[in-house]
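Engineer: Based on what follows, work out the 3D shape:
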Amino acid sequence: MSNLMSSVDSRTNLVGQNRLELLLFNLRGQQAYAINVFKVREVLALPKVTVLPHQHPNIHGVVHLRGMSIPVYDLSRSIGMRPLDITEESTIIVTEYNSSVQAFVVGSVDRIVNMNWEDIKPPPSGSGRHHFLTAITHNEGRIVEIIDVEKVLSEVQPAPTEIPSGILADEVVAQAAGREVLMVDDSLTALSQARTTLESIGIVVHQATDGAKGLEKLKSWSLAGEKVSEKLLMLITDAEMPVMDGYMLTTEIRRDPALQDLFIVLHTSLSGSFNEAMVKKVGCDAFLSKFRPEDLANLVQERIRAVTDL
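Structural biologist: Predicted coordinates:
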């Protein structure tokens, strides 16, 4: 299991089937946790760690791996639990999120399981570590908690939400006010980041936390007599969500004559080559990497110019 990277073709085989692969692991005790295999580069024994002065408490240090300096997070501490005991036998999961590479110390790694998104459910409401979950599921009679890695990362380094000056033309800003966008994402952190950026230029943001809820909202507008492709400047959807993922959501929209002309943006933390393959396969119009406010602003500008002939 040391190296989980594979070709674009093999990693897009599940796209459009509403399926995913999860890497199961433990932190403390028997509770099972998981992250999507799409984000995992490799699993290996913890290399020599360099401790940095004034590093964040959730950071164990930095390791040098394949020519890169990679921050190592204590995942147990990062989700509100006691820090792990770090030993020479400790294991790290190396991941790629938002165009950056990081590693997470875990107690032990179990295995990879293939799941249906319909079997992935939103986490229960509550306090504590549930704030760090995007979903839960069941495997062999036990509960599996799926980590919201974007929130874990934002606790250490919050993503910027301000649009750099000079990105948006004045005439575009004037046309942006009152335009509507639907955001679909299971991560409240990701929703908040994008909503803050969009609302700063006057855009009205509707949101849903999974593809099924997003599709329901779209169909309700359509049944009410609204032309959704004109109502919304765009739909921005995450790829990985409980119940219905962004790929299946896009497929369902393209099948519906009343919705099929909607401009759809895949908003994902996967690397560019995977984005391009997935966008082409499911029929999205564009993709955005999480989270780059200037890229979001540029896409909004392009769309406004396209629909207003500015």
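
Engineer: For the stretch 1-150 of the chain, give me the ranges with low pLDDT.
Structural biologist: The stretch 1-150 of the chain contains residues with pLDDT under 70 at 1-16, 125-130.

Engineer: can you give me the helices for it?
Structural biologist: For the stretch 1-150 of the chain, the helices defined by DSSP state H, counting those that start in this stretch cover 8-11, 75-78, 149-156.

Engineer: Pull out the C-alpha coordinates of stretch 69-83 and format them as CSV.
Structural biologist: Output of stretch 69-83 as CSV, limited to C-alpha atoms (Å, rounded to 0.1, in the frame of the first residue of the first chain):
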residue,chain,number,x,y,z
SER,A,69,9.5,19.5,2.4
ILE,A,70,6.1,18.2,3.6
PRO,A,71,4.3,19.3,6.8
VAL,A,72,3.2,16.5,9.0
TYR,A,73,-0.1,16.9,10.9
ASP,A,74,-1.0,15.0,14.1
LEU,A,75,-4.4,14.1,12.8
SER,A,76,-5.7,13.0,16.2
ARG,A,77,-4.9,16.4,17.7
SER,A,78,-6.2,18.2,14.6
ILE,A,79,-9.7,16.8,15.1
GLY,A,80,-9.8,17.7,18.9
MET,A,81,-8.5,14.5,20.4
ARG,A,82,-5.3,13.8,22.4
PRO,A,83,-2.1,13.8,20.4
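
Engineer: hang on, the earlier thing: for N98, find the nearest of the helices of the stretch 1-150 of the chain.
Structural biologist: Checking the helices of the stretch 1-150 of the chain against N98 by CB to CB gives helix 149-156 as the closest, at 7.2 Å. Where you see a C-beta, it was placed from the backbone N, CA and C, and this is true even at glycine.

Engineer: For the closest one, give me every contacting residue.
Structural biologist: Under the criterion CB atoms under 8 Å, 6 or more residues apart in numbering, residues 35, 39, 56, 58-59, 71, 73, 75, 78-79, 95, 97-98, 102, 131-132, 187-190, 193, 269, 290 lie in contact with helix 149-156.

Engineer: Of those residues, which belong to strands?
Structural biologist: Using DSSP state E, the members of the contacts of helix 149-156 that fall within strands are 35, 59, 71, 73, 95, 97, 102.

Engineer: Closest one of these to H138?
Structural biologist: Distance to H138 across the ones in strands among the contacts of helix 149-156 (CB to CB) is lowest for I35, with 16.7 Å.

Engineer: Wait, the closest one touches E21, no?
Structural biologist: No - because the distance of 10.3 Å does not satisfy CB atoms under 8 Å, I35 is recorded as not touching E21.

Engineer: Looking at these two, which is more packed in?
Structural biologist: The neighbour comparison of I35 against E21 (other CB atoms under 10 Å) goes to I35, with 23 against 17.

Engineer: Who does the more buried one form a beta bridge with?
Structural biologist: For I35, the beta-bridge partners under DSSP bridges are L23.

Engineer: Relative to L75, how far out is it?
Structural biologist: Distance from I35 to L75, counting by CB to CB, to the nearest Å: 9 Å.

Engineer: contacting residues for F132?
Structural biologist: Contact partners of F132, counting by CB under 8 Å, 6+ apart, are 78-80, 147-148, 151-152.

Engineer: mind running it again at 6 Å?
Structural biologist: Residues counted as contacts of F132 (CB atoms under 6 Å, 6 or more residues apart in numbering) are 79, 148, 151.

Engineer: Burial check on R254, number of neighbours?
Structural biologist: Neighbour tally, R254, other CB under 10 Å: 16.

Engineer: who does the nearest residue to I143 once chain neighbours are set aside bridge with?
Structural biologist: Nearest non-adjacent residue to I143, counting by CB to CB, 6 or more residues apart in numbering: I136, 5.9 Å away. Under DSSP bridges, the beta-bridge partners of I136 are K121, E145.

Engineer: ok, now how distant is I136 from V113?
Structural biologist: Using CB to CB, one gets 14 Å for the distance from I136 to V113.

Engineer: Kindly report the same for K219.
Structural biologist: Relative to V113, and taking CB to CB, K219 is found at 32 Å.

Engineer: For K213, see how far away F25 is.
Structural biologist: Taken as CB to CB, the span from F25 to K213 is 29 Å.

Engineer: Would you map the helices across the stretch 201-310 of the chain?
Structural biologist: Ranges of helices in the stretch 201-310 of the chain, per DSSP H, counting those that start in this stretch, are 211-223, 228-231, 246-255, 272-282, 293-308.

Engineer: Done for today, thanks.
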